[in-house]
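Novice: Starting from these lines, generate the structure:
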Amino acid sequence: MKLAKIALAGSVALGLVPAVSGTAAAHPIKNRTLTDNRLYGAGPLPDTDCRERPVKKADARSAKVYLNEVLNCLNRSWTAELKQAGLKQSRVKLTYATKVPAKYCGAKWHKGDWDSYYCDASHTILIVLSKGLLEEPGDLYLFNLLAMKYGEHMQNVAGIYRAWLDVDYRNKAELAEQTRRYSLQGYCFAGASLRSFWKSFRRAREDWDDLLYYLRGWAGKYGGNRKSITYWANEGFTSGDPGACNTWTAPSSKVA
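Specialist: The predicted model follows:
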């Protein structure tokens, strides 16, 4: 069963959402690494000054400069959070490609899949700076692309990723719900990251609303429906607190 989840983790990250069957309600998650993680008690992420570098259309170099700066900001904000939680930071590596690789982190990467991938084994984020991604680079999409993958890194550092793999499931419906809990927590962590930089970004609320519009387009059986994505992303952004991102104790209706 663990092997199935490892394979599914790659599928969710790449935007592949195979159909599943089964209607039984999932039993409660009892693993305390998931339900009572030390990260939840560390309080809101600190307000962090972060400069958004300009990104030119169809210009991979300026996109790299932007993302490298965002990574530095994420490191500052989350390092303080992990210290407060009594967890050890493990630096993430950021790499780039201009076209999708044939394989990454042991998984095949098909054309048309998502633009990023977090490899838990090497703590590496790959961003594919494709032509399509750089068509409209001025919004928060690039930021969120990296923040979501960084959120997966935090799940890995805090033991959440491994604990999720270890949770048993009785049927495909339970597998789907557990995977949604994992995925939706990533949306929430990314929203909390954005909140910690929001003052220095000097953006209008409409920019957040526009980002939510994009995020809802990622809805799926394993990633959460539009309502759940909106709810958890807003939980993170409104509070700025990873403690608001405890999807593992939420009722099934909140992780549909």
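Novice: chain center to stretch 122-131, what's the gap?
Specialist: Relative to its parent chain, stretch 122-131 has a centroid offset of 14 Å by Cα atoms, centre = their mean, to the nearest Å.
Novice: same question, stretch 53-67
Specialist: 21 Å.
Novice: Tell me the buried residues in it?
Specialist: 55, 60, 62-64, 66-67 (16 or more other Cβ atoms under 10 Å). For the C-beta atoms, the positions are set from N, CA and C on the backbone; glycine is no exception.
Novice: out of those residues, who's nearest residue 147?
Specialist: residue 67 (10.3 Å; Cβ to Cβ).
Novice: which SS state does the residue nearest to that closest one when sequence neighbours are not counted fall under?
Specialist: Nearest residue to residue 67 in three dimensions, chain neighbours excluded: residue 146, at 5.5 Å (Cβ to Cβ, 6 or more residues apart in numbering). When classified by DSSP: H, G, I helix; E, B strand; the rest coil, residue 146 comes out as helix.
Novice: my guess is residue 146 meets residue 75, correct?
Specialist: No. Between residue 146 and residue 75 there is no contact under Cβ atoms under 8 Å: 11.4 Å.
Novice: dump the residue contacts of the residue lying closest to residue 159 once chain neighbours are set aside.
Specialist: In space, and not counting its chain neighbours, residue 159 is closest to residue 33: 4.8 Å by Cβ to Cβ, 6+ apart. Residue 33 makes contacts with 158-160, 162-163, as judged by Cβ atoms under 8 Å, 6 or more residues apart in numbering.
Novice: Dump these to TSV, plus neighbour count.
Specialist: Shown next, in TSV, are the contacts of residue 33 (neighbours: other Cβ atoms under 10 Å):
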residue	neighbour count
158	20
159	17
160	24
162	14
163	19
